[in-house]
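>>> quick one: sequence and predicted model below, then my questions.
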Amino acid sequence: MDTSHCVEATLWHPVAAAAELERGPRAVTLLGEDLVAWRDDQGRARVFVDRCPHRGARLSLGSVQDGRLACPYHGWQFEGSGRCSRMPAQPGFEPPASHAARSVEACEAHGLVWARLQAGSAALPDFAAAADTRLRQVLCGPYDVATSAPRIVENFLDQAHFPFVHDGWLGEAGVTETPPCQAREDAAGVHVTGCRAWQPRSNRLSTEGSWVSYDYSVIAPYTAVLHKAPDAQAGHREAIALFVCPMTPEHSRVWFVQATADGVSGDADLRAFQDAIFGQDKPVLESQRPRLLPLSEAASALEVHGAADLATMAYRRWLRRTGVRFGTC
């Protein structure tokens, strides 16, 4: 799929965990484009197209030397801007601008490195709960999934699967009815309110089942946030953000960021809980056909819908209006 003129190319997408760059260059894929993420001598995250302009070798196979990304083939070194500053075979030669690696915009937020392939006006997705100092942030993932990014967002919004996919955890086989909720779409995204679910284990510390209230917000085509019911004593809500990197139309990389008031569990424990939950989702997600989300008029005829699909149908309508097509058919 050609992304050179698509809406998605102008949006910010997560491509790697920020901590991964401490170990050297990291090969990543975004919208079908092979990229390399790395840190320069100032510690700034950089993202280049993963191709040396000299002979096309993958820069992600190289190393960082003196704050410059060195190609593994002939050792050409590139500064954070992409400028080639050293050619070992010709140490006295000053490379011209035509010898530069191709860089793309990059930044860091929520423990992730973000990139966009083309300049645009869209802001980075705002996970507001991350600013609440009463909550701690825990990054979970990555999870590689053989399906499209929109399929993963839909699954995140879908409560009706809880009793079947997450029986004994987020749902219970004997409680299958999905109470009604409200959904609306606007320029900022999709907002789903008034959701309720019976959950035996709504979080890692749960010792008994309870009804849990949720609100969902889709704040970017491949980003969604779940807010749990207010804590009457603490006066705040916990939240989980879903960040999906659309690697190819049918392959995605997923991270979750938990903003939690749990001061007892260690980070590893919270990640293990999220691993277990998403481990239940993954095989079902990968079984869906088509892997692309049916969005066009013709493709929509492939699936039927029920009243419990209110949130996911709102998401589909919003994608159509925004012109997002990567990962759809």
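Great, that's in hand. Numbers count the residues shown, from 1 in each chain.
>>> can you say which helix or strand has V284 in it?
Element membership for V284, per DSSP states H and E: helix 267-287.
>>> ok, now R321?
helix 310-322.
>>> that helix - contacts with which helices or strands?
helix 149-157, strand 182-186, strand 189-199, strand 210-220 (3 or more Cβ pairs under 8 Å, 6 or more residues apart in numbering; DSSP states H and E). Using the backbone N, CA and C atoms, a C-beta is placed for each residue, glycine as well.
>>> bridged to the closest residue to G32 other than its chain neighbours, which residues?
Distance criterion Cβ to Cβ, 6 or more residues apart in numbering; nearest residue to G32, sequence neighbours excluded, is T248 at 5.3 Å. Going by DSSP bridges, T248 is paired in beta bridges with H251.
>>> just the pLDDT for T248.
T248 carries a pLDDT value of 98.
>>> show me the contacts for H191.
Counting by Cβ atoms under 8 Å, 6 or more residues apart in numbering, H191 touches A183, R184, E185, D215, Y216, S217, V218.
>>> list just the nearest of these to A37.
A37 lies nearest to V218 out of these, by Cβ to Cβ, at 25.5 Å.
>>> roughly how far apart are the residue located most distally from the centre of the chain and G67?
No residue in the chain sits farther from the centre than G92, which is 43.9 Å out by Cα atoms, centre = their mean. Counting by Cβ to Cβ, to the nearest Å, the gap from G92 to G67 is 21 Å.
>>> and if you look at A18?
17 Å.
>>> who has more neighbours, those two?
A18 (18 against 15; other Cβ atoms under 10 Å).
>>> correct me if wrong: the more buried one contacts A106.
No - using Cβ atoms under 8 Å, A18 is not in contact with A106; the gap is 10.7 Å.
>>> what touches both of those two?
The contact lists of A18 and A106 share A45, V113, where a contact means Cβ under 8 Å, 6+ apart.
>>> for S63, what are its contacts?
Taking Cβ under 8 Å, 6+ apart as the criterion, S63 is in contact with G24, P25, L69, A70, P72.
>>> if we go to 6 Å?
Counting by Cβ atoms under 6 Å, 6 or more residues apart in numbering, S63 makes contact with A70.
>>> likewise H13?
Counting by Cβ under 6 Å, 6+ apart, H13 makes contact with L30, C245.
>>> re earlier: what helices or strands is the following helix or strand past the helix holding V284 leaning on?
Where DSSP H and E defines the elements, the next helix or strand beyond helix 267-287 is helix 297-300. If you count contacts as 3 or more Cβ pairs under 6 Å, 6 or more residues apart in numbering; DSSP states H and E, helix 297-300 packs onto no helix or strand.
>>> so what touches helix 297-300?
P294, C329.
>>> any idea of the pLDDT on T133?
T133 is given a pLDDT of 85.
>>> isn't there a strand covering it?
No - secondary structure of T133 (DSSP: H, G, I helix; E, B strand; the rest coil): coil, not part of a strand.
>>> quick one: contacts for it?
By Cβ under 6 Å, 6+ apart, the contact list for T133 is empty.
>>> could you check how far it is from D144?
T133 sits at a distance of 33 Å from D144 (criterion: Cβ to Cβ).
>>> apart from its neighbours in sequence, what residue is nearest W169?
Leaving aside its sequence neighbours, W169 sits nearest to R201 (Cβ to Cβ, 6+ apart; 4.9 Å).
>>> please disregard the earlier target; I meant G323.
V7 (4.7 Å).
>>> so how many other residues sit close to that neighbour?
17.
>>> quick one: end-to-end distance for stretch 35-52.
11 Å (Cα to Cα, to the nearest Å).
>>> coming back round to it: just the contacts of H191 now: which is nearest H166?
Closest to H166, out of all of these and judged by Cβ to Cβ, is Y216, at 16.2 Å.
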